[in-house]
Each structure stands twice: as C-alpha cells, then as structure tokens.
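> need a 3D model of the sequence below.
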Amino acid sequence: MVEIGRPEPLKKRPVTRIENLAFVIVTLFAGPAFVGCAFFQQLLPGLTMSDANVVSVLDSIDEGEIDAAQLAQKQTEDPEVQAFAGRVLHEHRELAETKGRLATQLSLQPEPHALASHLKQAHEKAMQKLRAISGAAFDRAYVQYEIQQHERVFNLLEAAAASEDNVMLKQELVRTGPDLLSHISAARALGRHLGLEERHAIASR
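The predicted structure is shown next:
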C-alpha cells in the first residue's frame, strides 16, 4: 500500500499520450455543439491521460449516448428513430458494462479528466437544444447529433488506441470501433430517410 503523501519513485502511472489529438480536436470538436475551443488549444499539441482518465472519458461517452437515446425514445414519434434510439441505448449500456468489468479487472477507478468534463458540458448543451424541440425537427436534430457524436468519438478512440500501452485497455478501445462504425452507418441511413445532408467526418487512417 502506498502511504498517502509519499510519491512512488520507481513506478510510473500508466499514461496514454494521444499523439494525433490535435487533428481530432481541430477537425471534429470545433462544431457548434462543442463550445470553448480555446479550452482544447491549451491541451495541444498532445494530451496525456492515465488509464484511469481514459476510463473516465469512456464513461462520459457512454453516459451521453444513453442519455440522448432515452430522450429520443420519449420525444420521437417516428418508428425508425425509435428503433435506432433503442438500439443505441441497449448497445451503449452493454459497452458501459463491459468497460466497467474491465476497469474492475484492471483495478482502475475512473479519474475525472478535463476532456471528460468538456465532453459532458458539450453534451448537456446539445441536450438542452434537443429538449426544446419536437416532431420532425427533433428527429433530424437528434440523428444529426448522433452522426456527429459517433464520428467524433470514433476518431478520438482510434487515436487513443494507437497510443495506449495497456494491452487490455487498447484491445477494448479497438473492439469498440466496429460498434461505433455500425452506429454511424445506421444513423447515416436514418439521416437519408429524414432528408439530412451527409457529411462524413471519419479521420483518414
């Protein structure tokens, strides 16, 4: 056990440095739903996070998706939007449970990080806008948000996975990628159904 107040001279906390975060932030988090870009400027050219910080960010992502899906189920009258929201709700709950088990296995307690806090703030701002509208306008806004959010998250997690040293956490980040891509594909198809203009924002590999 480590005595409180005394540093560990021989051990370093697991740290992930997201090497290409500058590209991810500048190109994907500069949209209207994400305010305070000066905040991110302070983190560039790279962002360092402990494994516990990464878990905190993943928790924020899943919590946001679950929150938005629950709102959509209450407010939409479109059966296809209802079905999509139900799928997102179910699968992000499963992702959250899987990551929770992994965190327990790795003895990681999520530690708040500036990026996780900003993601939560940006999500709440978007939710306030969604709560204020209804009908077809809500459906289009919700699906547009889901497309943008999943694209942003996919690029962020891909960048984190490329820099993660913890093998098990890296595998979880990589494993999550196809799930997010599947959600993006479904959201884009739903967007076409609703008449949304397609804008792809998946970073080039």
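> C-alpha from now on. contacts and neighbour counts both.
OK.
> tell me where this structure has helices.
With DSSP state H, the ranges of helices along the chain come out as 21-28, 37-41, 51-75, 79-105, 114-131, 135-163, 167-194.
> comparing the ones you listed by mean pLDDT, which bottoms out?
Mean pLDDT across the helices of the chain is lowest at helix 37-41; the value there is a mean of 42.
> mean neighbour count for the helices of the chain - can I get that in CSV?
Below are those laid out as CSV (neighbours: other CA atoms under 10 Å):
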stretch, mean neighbour count
helix 21-28, 18
helix 37-41, 13
helix 51-75, 21
helix 79-105, 17
helix 114-131, 17
helix 135-163, 20
helix 167-194, 17
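> contacts only, for residue 60.
Residues in contact with residue 60 (CA atoms under 8 Å, 6 or more residues apart in numbering) are 116, 119, 120.
> got a list of what the last one touches?
Read it as residue 120. For residue 120, the contact set (CA under 8 Å, 6+ apart) comprises 60, 64.
> state the distance from it to residue 170.
Computed with CA to CA, to the nearest Å, the distance linking residue 120 and residue 170 is 23 Å.
> any idea how far the most centrally placed residue in the chain is from residue 154?
Ranked by distance to the mean C-alpha position of the chain (CA atoms, centre = their mean), the top residue is residue 61 at 3.5 Å. Distance, residue 61 to residue 154, by CA to CA: 11 Å.
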